[in-house]
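Student: Okay, sequence plus prediction incoming.
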Amino acid sequence: MKNFLSKHSYDFVRMLLVQSMIGGFFGFALAIAIGGISAQNSESGAPSASSDLLLLITCALSILFYLFLIYIQIWEIGGKDEMSHRVRGTKPNIYKGLLIALCANVPNFLLAGLITLGYAFPNNEVCTSIGFVGDLITKFIHGMYLGLIQYEFAGGFRLMDQWWTFFLLPIPALVTCFAAYNIGRKGWHLTGILAPVVPESDRPTKEERRKARQEKKNNK
């Protein structure tokens, strides 16, 4: 496990950066812009159904954009692992993509725990303050989901008012990474853009190639 964490620490950080700097900020900015339009329509008395629809569409596109970015990242890891397996005979772990996503989402689960603390002890100022900070950070780094969780469904139900919502937010990323890794192992892709390359460290040396050729001759 220690080797796994050390080897993929860069992947954890990269995934968090994609989430917070690209997916989060991009989705957060769009949600605020569309939310402003909805507020203007409400003040003018005009129907806001179109703005609500636009908000959900924007949210969906932001989520897909974010998931696509992490899909590419994990697909490449799966493809390289499969190439290494063929070269060196190592066996890839089909849950590796899921494990990488779980490690990268540890901060998100911790933030969800802080938010739950605020819900559990609403009369405690310390707990509510901690929950508020966790809620603020979560809504920023998960900005691509903001349009969905703040949307008011029938009966006034909103996902952002439920403590368990924030534990569910990482699930799309977990599912995407699990699928992306195994699709990458299979080498399935629509275009030639995603093409795994054997890492330099995993490529056989001249001595290893010579021994492989010798073994083939001996087997004959």
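Tutor: Now that the structure is in, tell me what you want to look at.
Student: Averaging pLDDT per element, find the lowest-scoring helix or strand in this structure.
Tutor: Ranked by mean pLDDT, DSSP states H and E, the weakest helix or strand in the chain is helix 25-44, scoring a mean of 63.
Student: and the following helix or strand past that one, what does it pack onto?
Tutor: Proceeding N to C from helix 25-44, the next assigned helix or strand is helix 49-88, under DSSP states H and E. If you count contacts as 3 or more CB pairs under 8 Å, 6 or more residues apart in numbering; DSSP states H and E, helix 49-88 packs onto helix 9-17, helix 25-44, helix 96-104, helix 146-149, helix 171-186. The C-beta positions use only the backbone N, C-alpha and C, and glycine is treated the same way.
Student: distance between helix 49-88 and the chain's centre?
Tutor: Centre-to-centre, helix 49-88 and its host chain are 8 Å apart (CA atoms, centre = their mean, to the nearest Å).
Student: Next, the buried residues of that helix.
Tutor: Neighbour counts over helix 49-88 (16 or more other CB atoms under 10 Å) mark 51-52, 54-55, 58-59, 62-63, 66-67, 69-71, 73-84 as buried.
Student: got the angle between it and helix 9-17?
Tutor: 170 degrees (axes from the mean of the first three to the mean of the last three CA atoms, to 10 degrees).
Student: please renumber so the chain begins at 32
Tutor: All right, first residue 32 from here; so that's helix 80-119.
Student: Let me know the average pLDDT across helix 80-119.
Tutor: Here helix 80-119 scores 82 as its mean pLDDT.
Student: low-confidence ranges in the chain?
Tutor: 54-55, 57-59, 61-82, 220-244, 246-248, 250-251 (pLDDT under 70).
Student: Grab the most central residue of the chain for me.
Tutor: By CA atoms, centre = their mean, the chain has its centre lying nearest to A204, at 3.5 Å.
Student: Can you get me a residue count around the closest residue in space to that one that isn't next to it in sequence?
Tutor: Among residues not flanking A204 along the chain, A132 sits closest, at 5.4 Å (CB to CB, 6 or more residues apart in numbering). Number of residues near A132 (other CB atoms under 10 Å) recorded here: 25.
Student: how about the closest residue to F43 other than its chain neighbours, what does it touch?
Tutor: With CB to CB, 6+ apart as the criterion, F43 has its nearest non-adjacent residue at 4.5 Å, and that residue is A135. For A135, the contact set (CB atoms under 8 Å, 6 or more residues apart in numbering) comprises 42-43, 46-47, 50, 204.
Student: Recalculate using a threshold of 10 Å.
Tutor: Going by CB atoms under 10 Å, 6 or more residues apart in numbering, A135 touches 39, 42-50, 101, 104, 201, 204-205, 208.
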